[in-house]
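Engineer: sharing a sequence plus its predicted fold:
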Amino acid sequence: MSGEGTAARQLRERAEGQAASLPPLLARAEHLAGTVLLGDHGRRRSGMGDDFWQYRPVQPGDPRRWIDWRRSARSDDRYVREREWQIAQSVMLWVDQAASMRFASSADVPEKSERARLLALATAILLIRGGERVGLTGTLLPPRRARNQILRLAEFFSRAEAGDYGVPEHRAMIPNARALFVSDYLGDMDEVELALTKAADRGIRGVLLQVLDPAEEGFPFKGRTIFQSMGGTLEHETLKASELRDRYLARLAERKDRLQALSRTTGWQYLLHHTDASAQSALLTIYQALDRGTA
């Protein structure tokens, strides 16, 4: 087995471990309407589908051709064989895999990319278990429900992208779908705004998850420090790093404010996750946020 394949399987196993600890959720609207949910978000009710759903007694107005004569022959009543109509939603994922996501301030915390991929894949596992179609933004991996889709996602997430900072992929987004974008959002904010605006124009709502290392929040640097981008294209040296702290934190706060304002404007939800925090708690928060997006 190749190293890339092994890494993908390990990531999948870890993501499944996170997903396994979460109970299925019921969609409130379908529950009130008396429908049955496939696990979490996948919705089903009688209609023009291919799979058998249930038998029910004939009701006034039912066409004669709907009667299942074989089932009816076993009793004094006549029965209709109902088929299932599944209304699975499509969920589009974008996970930033640029160089900036490989940052980890210490051996005690995972790289941002590792946590981002884990959370995205665990979310996909939960959604697919619930009958949803999950895929990637763009044209590389269209949404599917099959279990093999999880492995395809894991394999894609094991690849790295060129460039210091990533920007959301917004091509070929399915109208009225949901989406999960995961990044540190330290790159070009205009591109983020363009992607969310295009998504909102197509009726897409979702979650904007910002993943940051604790050092990126606290700026613990002092004295002579060389700051270098993970891709090696940017570098800044200072003799008094502590003097940069207030300006850095102010710019980070401005970036967060812009992300939150953009999310409100486009109907998305902004979430912040630090790599030293619980992955399980973050997964539940993401999943609940996506669930609220269907209401």
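Structural biologist: That came through, no problem.
Engineer: from memory residue 137 sits against residue 95, does it?
Structural biologist: No - using Cβ atoms under 8 Å, residue 137 is not in contact with residue 95; the gap is 9.6 Å. For every residue, glycine as well, the C-beta is placed using N, CA and C.
Engineer: neighbour count winner among those two?
Structural biologist: When residue 137 and residue 95 are compared for neighbours, residue 95 comes out ahead with 27 against 24, by other Cβ atoms under 10 Å.
Engineer: so how far is residue 272 from that one?
Structural biologist: The gap separating residue 95 from residue 272 is 16 Å, by Cβ to Cβ, to the nearest Å.
Engineer: for residue 266, same thing?
Structural biologist: 17 Å.
Engineer: now swap in residue 253 and tell me
Structural biologist: For residue 253 relative to residue 272 (Cβ to Cβ), the value is 12 Å.
Engineer: longest single helix anywhere in this structure?
Structural biologist: Assignment by DSSP state H gives helix 245-266 as the longest helix of the chain.
Engineer: tell me the strands beside the next helix or strand after it, with direction?
Structural biologist: Counting by DSSP states H and E, the next helix or strand C-terminal to helix 245-266 is strand 269-274. Sheet pairing for strand 269-274, assigned by DSSP bridges, gives strand 205-212 (parallel).
Engineer: which residues sit against the strand it pairs with?
Structural biologist: By Cβ atoms under 8 Å, 6 or more residues apart in numbering, the list of residues contacting strand 205-212 from outside reads 92, 101, 112, 115-116, 119, 178-185, 196, 199, 256, 259, 262-263, 266-275, 282, 286, 289-290, 293.
Engineer: what is the orientation angle of the regular element (helix or strand) spanning residue 114 with strand 205-212?
Structural biologist: Residue 114 belongs to helix 112-129 when elements are defined using DSSP H and E. Put simply, helix 112-129 runs at 150 degrees to strand 205-212, going by axes from the mean of the first three to the mean of the last three Cα atoms, to 10 degrees.
Engineer: okay, helix 112-129 in CSV with CA atoms only?
Structural biologist: Provided in CSV are the C-alpha atoms of helix 112-129 (Å, rounded to 0.1, in the frame of the first residue of the first chain):
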residue,chain,number,x,y,z
LYS,A,112,-4.0,23.2,11.4
SER,A,113,-4.3,21.1,8.3
GLU,A,114,-4.5,17.9,10.3
ARG,A,115,-7.3,19.2,12.5
ALA,A,116,-9.2,20.8,9.5
ARG,A,117,-9.1,17.5,7.5
LEU,A,118,-10.2,15.5,10.5
LEU,A,119,-13.2,17.7,11.3
ALA,A,120,-14.2,17.9,7.6
LEU,A,121,-14.0,14.1,7.1
ALA,A,122,-15.8,13.3,10.3
THR,A,123,-18.6,15.6,9.3
ALA,A,124,-18.8,13.9,5.9
ILE,A,125,-19.0,10.5,7.6
LEU,A,126,-21.9,11.7,9.8
LEU,A,127,-23.7,13.2,6.8
ILE,A,128,-23.3,10.2,4.6
ARG,A,129,-24.4,7.9,7.3
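Engineer: tell me where the protein has strands.
Structural biologist: Assigned by DSSP state E, the strands in the chain fall at 36-38, 42-46, 52-57, 79-86, 90-95, 133-136, 178-183, 205-212, 225-228, 235-238, 269-274.
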